[in-house]
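Student: How does the following fold in three dimensions:
(one chain, ligands or ions: 1)
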Amino acid sequence: MTFMEETIHNSLAVWDACLQTKFIKEMLAGTLPMEKFAFYLIQDTLYLNSYAKVLGKAIYLAENLNEIQLYTLILSFVTDTEAKVRHDYLHQLKMAENILETAEETAVNKQYTHFLLELAKTNDSAQILMGILPCMLSYAYIFHKLAADTVSQSPYSDFIKGYAEENINEEFKLWCEFADAKCETVNALKKKELSAIFEKASKFELAFWEMAYKEDTK
Ligand SMILES: Cc1ncc(CO)c(N)n1
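Tutor: The predicted structure follows:
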C-alpha cells in the first residue's frame, strides 16, 4: 500500500461513521429539519473562513506553480462555490444578512479550526497538507455515496449533488498522488506523525456532523 492508501485506510471507519450520523442520514432522506441545516450552514461558513486561510499558508509554502495551482483549485472551490451555496441557502431561508457577522463558532468548530490554524503556524507543508486533506477527501467520499441514493424531491438533493461531480474520482486520485509524492520519502516515524494528523482531522469531521445535528454550542 502507498502512504496515502494506508492513511485513508486508517480513517475509513471514521468516514463511514460520518455516513451513519443523524445529520447525514436525515439529509439524505430529506427529513432533516431546516433549522439544523441552517445551523450547519452558518457554522460551516465560519469554518471555511479558517480553512481558506490555512490554504493560504499552504500556497505560501508551495515549491512551484504546479502546487500553487492545485491549492488554488480548492481555494476557489471554497470561496466561489461552497461559500456562495451557503450564502444563497441562508438568503432563501430568510436569515438576516448579518447573521454571519454575529455568529460565533461552536466549541467543536473552534477546536477544529484552532487545530488547523495552529498547524498553519508550522512551516511543514506535509503536515499542513495532512490537516487540509480530510476535509475535502471525506466530503468527496461521503457525498459521492450519498449522491447515488438521493431522492430528487429532497430539499437537500441539490446540496448533495453539488459535491458529487463526475470527475471526483480523478481529483481524489490526483490529491493522493500529490500527497504520496510529498510524504513517501520521509522516515517511518514522520509518516506516523503525518498519518496521525490526517486521522485527527477526520475525527474532527465526524465531531462536526454530530455537533451540527445537536446544534451543540458548547
Ligand atoms: C467541516 C467541513 N469539512 C469539509 C468541508 C468540505 O470542504 C466543509 N465544507 N466543511
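Student: Let me know the helix or strand that the residue of the chain found nearest the ligand is in.
Tutor: With CB to the nearest ligand atom, the shortest gap between the chain and the ligand falls at residue 135, namely 3.6 Å. No exception for glycine: its C-beta is placed from N, CA and C like everyone else's. Assigned by DSSP states H and E, residue 135 belongs to helix 125-149.
Student: any idea of the mean pLDDT for that helix?
Tutor: On average, the pLDDT along helix 125-149 is 94.
Student: Could you pull out the buried residues of that helix?
Tutor: 125-147 (16 or more other CB atoms under 10 Å).
Student: Same check on stretch 32-42?
Tutor: When neighbours are counted by 16+ other CB under 10 Å, the buried residues of stretch 32-42 are found to be 32, 36-42.
Student: Of those residues, which is the nearest to residue 85?
Tutor: residue 41 (8.6 Å; CB to CB).
Student: Render the CA-only coordinates of the helix or strand of the chain with the lowest mean pLDDT in CSV, please.
Tutor: Sorting the helices and strands of the chain by mean pLDDT, DSSP states H and E puts helix 99-102 at the bottom, at a mean of 85. Written as CSV, here are the backbone C-alpha positions of helix 99-102 (Å, rounded to 0.1, in the frame of the first residue of the first chain):
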residue,chain,number,x,y,z
ILE,A,99,-26.1,36.6,10.8
LEU,A,100,-22.6,35.5,9.6
GLU,A,101,-21.0,38.6,11.1
THR,A,102,-22.6,38.0,14.5
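Student: Which strands and helices lie in contact with that helix?
Tutor: With contacts defined as 3 or more CB pairs under 8 Å, 6 or more residues apart in numbering; DSSP states H and E, helix 99-102 has these neighbours: helix 34-61, helix 83-92.
Student: Give me the contact list for it.
Tutor: For helix 99-102, contacts defined as CB atoms under 8 Å, 6 or more residues apart in numbering pick out 42, 45-46, 87, 90.
Student: what distance separates the next helix or strand after that helix from the middle of the whole chain?
Tutor: Per DSSP H and E, the first helix or strand lying C-terminal to helix 99-102 is helix 107-119. In this view, helix 107-119 has its centroid 13 Å away from the chain centroid, taken as CA atoms, centre = their mean, to the nearest Å.
Student: State the distance from the closest residue to residue 61 other than its chain neighbours to residue 177.
Tutor: Closest residue to residue 61 apart from its sequence neighbours, by CB to CB, 6 or more residues apart in numbering: residue 125 at 4.3 Å. Using CB to CB, to the nearest Å, residue 125 is found at 16 Å from residue 177.
Student: And for residue 217?
Tutor: Distance from residue 217 to residue 177, by CB to CB: 40 Å.
Student: Now for the closest residue to residue 1 other than its chain neighbours, how many residues are close by?
Tutor: Once flanking residues are discounted, residue 1 sits nearest to residue 9: 6.9 Å by CB to CB, 6+ apart. When neighbours are defined as other CB atoms under 10 Å, residue 9 has 11 of them.
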